[in-house]
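Participant: turn this into a structure:
(2 chains)
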Amino acid sequence: MSSTWRTSTPARRTIRRRTAAAAAIAALALGVSACGDSGDDGDDPAGGETSAAEDISIGLITKTETNPFFVTMREVASEYAEERGVELTALAGEFDGDNEGQVQAMENLIAQGVDGIMVTPNNSTGVLGAIEQARAQGIVVVALDTATDPEDAVDATFATDNLEAGRLQGAYVRAVLGDAEPRLIMLDGTAGGTVDTFRHDGFLEGFGIEEGDPAIVGMENTQGDQNTAQTAMENLLQRSPDVNAVYTINEPAARGAYAAIDAAGLTDQITIGSIDGGCQGVQDVADGRYAATVMQFPAEMVRQGMDAIIEAAEGGDAPSGFVDTGSVVITDEPVEGIESQDTAWGLENCWG
Amino acid sequence: MTTTATDPPTTPPAPADSARREALGRALRTPVLGPLAALVVAVVIFSVTTDTFATAGNASLVLQQSIVIGTLALGQTLIILTAGIDLANGAIAVLGTLVMAKHVVGGGDPLTALLLGVVATVVLGTVSGVLVTRLGLPPFIVTLGMLTVTFALARLYAESRSYPVGDQLLRFWGQGTTVAGVRLTWGTFLLIGIFAVFWYALSRTAWGRHVYAVGNAPEAARLTGIKTRRTILSVYVAAGALYGLAAWQALGRIPNADPNAYQTANLDSITAVVIGGTSLFGGRGSVVGTLIGTLIVGVLRSGLTQAGIDNLYQDVATGILVIVAVSLDQASRRRAAR
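Facilitator: Next comes the predicted model:
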């Protein structure tokens, strides 16, 4: 029986991190949009459709099979593979941070002799080693959603520029506040997560304050989990009932924040911003639960990644660099100086 | 499971040779005192060090935050009292929320949804109980398997989506009344109510005494004519019903059934039970301790947030409390065995 306890603490951590990252999932965007794609994405979709390259095979490895973000990726990948006439093998880790699962998936795809691999990589030595092994066999490897560290461990990366996504959220929330003195609560994902750091720093930049500014009245890690976020927000509101702005790492965290704020009767006083662009999140914006969400485009990541691999397999140049697949502010209350789309557009373009 | 298998549950410890030892012995035999002291100390510290902790509104919040884990921990207590353990409780409750929510989202009747959800959790609890009692498999292994199976079933059933719930019946426990500016949810009253019911059942009924006897010394219990397998099975069934209730409460707190929610609830519930002074070896402990254990975790989280301290220290403190609680339990068992 005592073995339960010996393992409990680390196990708990791991599982938490799983939830966490499952939410934090989106992209690590390493700054530079060096769209140095020598393979001109522009002309290959057309070329691909006609020259139906049935002997091209592509592997897709996501972090989990269950997060709606990755589910969308897999669905889009299988539709698009059919459209382009390539063979797709979709694999996934068991949970977010399942390095062993990703390495095994990578090894299996190498053994299978695929032409290219699209992966939402865990940044571990193990996974990076497997990527290196694949590339040594001449397989084109592109990262989707999450950049590797270092970024050039893969041929190319198709992901959201999370610094920019955070910046958009921050700028929007600040614009809504207008002249009011900001009192900000930040609901982060996981401590030290890369996506987390980019979005957090981007938000502060867009919001126009520095880390450590007294306007930040509270910060809490929510693991991107609605329940944890709600509890954190409830407790933070006890301490600082005068907040007027809330940053959230993703939409589940925003939902948790909204529930706490609603229960405290403070919805009129507080502007909540978020990031993700899941259909439920866009619907929440349409319902007035939070002011805006910044949409990212997993389907674009998959399509562009697949295009690049097909291009290379047909004798073109291997893709390279970081490609920002874009981020768009979704709100029904546009503010001057920030480009945005309304929720009707959002509901047409959301994922999940 | 226990080295004191031949001792009846009520054997007093070795004759005390001093008042001090007797006092210590009494404290160890009344495992609720330690957790209660820890809770009081935590509340006092946070009340003194922050302006915002010691308010009625905050007390109400801590209770609201403890409802789901508290209910799961109550079921967990029953099972641990029989020297078992349930690793699947959180996953079972999540499946319950999905059954309820998906039925309503699909246009079904809310009452039927509720019943279906509770039936699902009771069936899963019963399956664990049958595997433990009929096949004689260790509860740890059975519920580990059930955890994996249920988690996967929940995701398959949910098609990896979450289901927001608007229905008022399913959200009932999250609603409540405002007394003197303090919001009290019905779920809070329910939590206290079910703890009272199970406190009564365990301490004042034959069934309760059987549960303790089976956990303390199964062979002795069997020889005195207690139907041990039936008693253990009844505990898993009751726990399954409690998980159904926890599912309903979870929808009250967060009206969104998500297959990825409550992934650490199993360990959190075990933590609450152990901090509450219930022995992992079975036969010793109480639901009152579990309620206190649940509140300790909630108070630490709330207090540390309001003191502006990183929440990871809450995990540090909770982990230390678990170790302390288990050490005290071991010390007390050694005394009893002497």
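
Participant: can you give me the strands in the chain?
Facilitator: You didn't say which chain, so I picked chain A. Using DSSP state E, the strands of chain A run over residues A:57-62, A:87-92, A:116-119, A:140-144, A:156-159, A:184-188, A:216-221, A:245-248, A:271-276, A:292-296, A:321-324, A:327-330, A:340-341.

Participant: actually, chain B is the one I wanted.
Facilitator: Using DSSP E, strands in chain B cover B:163-164, B:176-179, B:182-185, B:256-257.

Participant: is chain A contacted by the first one?
Facilitator: Yes: contact of strand B:163-164 with chain A (C-beta under 8 Å from any C-beta of the partner chain) involves B:P164. Every C-beta, even on glycine, is put in place using the N, C-alpha and C of the backbone.

Participant: can I get the strands of chain B in CSV with mean pLDDT, distance to B:A91 and mean neighbour count?
Facilitator: Formatted as CSV, the strands of chain B follow (pLDDT from 0 to 100; distance: least, C-beta to C-beta, whole Å; neighbours: other C-beta atoms under 10 Å in any protein chain shown):
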stretch, mean pLDDT, distance to B:A91, mean neighbour count
strand B:163-164, 87, 17, 18
strand B:176-179, 85, 28, 12
strand B:182-185, 84, 25, 18
strand B:256-257, 88, 13, 25
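
Participant: of all those, which one is nearest B:A325?
Facilitator: Evaluated with C-beta to C-beta, the strands of chain B place strand B:182-185 nearest to B:A325, the distance being 28.7 Å.

Participant: that closest one: how far from the chain's middle?
Facilitator: 23 Å (C-alpha atoms, centre = their mean, to the nearest Å).

Participant: that strand pairs with which strands?
Facilitator: strand B:176-179 (antiparallel) (DSSP bridges).

Participant: for chain B, what's the nearest residue on chain A?
Facilitator: Here chain A gets closest to chain B at one residue, A:N235, 3.8 Å apart by C-beta to the nearest C-beta.

Participant: name the nearest residue to that residue, ignoring sequence neighbours.
Facilitator: In space, and not counting its chain neighbours, A:N235 is closest to B:T305: 3.8 Å by C-beta to C-beta, 6 or more residues apart in numbering or on different chains.

Participant: CSV please, covering the strands of chain B and showing distance to B:L153.
Facilitator: Shown next, in CSV, are these (distance: least, C-beta to C-beta, whole Å):
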stretch, distance to B:L153
strand B:163-164, 15
strand B:176-179, 33
strand B:182-185, 30
strand B:256-257, 14
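
Participant: wait, doesn't the residue nearest to A:N235 sit right on A:E220?
Facilitator: Yes: under the criterion of C-beta atoms under 8 Å, B:T305 makes contact with A:E220 at 6.7 Å.

Participant: anything in contact with each of these two?
Facilitator: Between them, B:T305 and A:E220 share these contacting residues under C-beta atoms under 8 Å, 6 or more residues apart in numbering or on different chains: A:232, A:235-236, B:311.

Participant: show me what A:Y247 bridges to in the sheet.
Facilitator: A:M186, A:G273.

Participant: neighbours of it, how many?
Facilitator: 29 (other C-beta atoms under 10 Å in any protein chain shown).

Participant: same thing with the one 10 residues further on?
Facilitator: Using other C-beta under 10 Å, the number of residues around A:A257 comes to 30.

Participant: equivalent analysis for the one 4 residues further on, please.
Facilitator: Residues within reach of A:I261, counting by other C-beta under 10 Å, total 24.

Participant: can you check the pLDDT for B:A38?
Facilitator: Predicted confidence (pLDDT) for B:A38: 88.

Participant: wait, it sits on B:V322?
Facilitator: No: between B:A38 and B:V322 there is no contact under C-beta under 8 Å: 11.6 Å.

Participant: and for those two, which residues touch both?
Facilitator: What both B:A38 and B:V322 touch, as defined by C-beta under 8 Å, 6+ apart, is the set B:I275.
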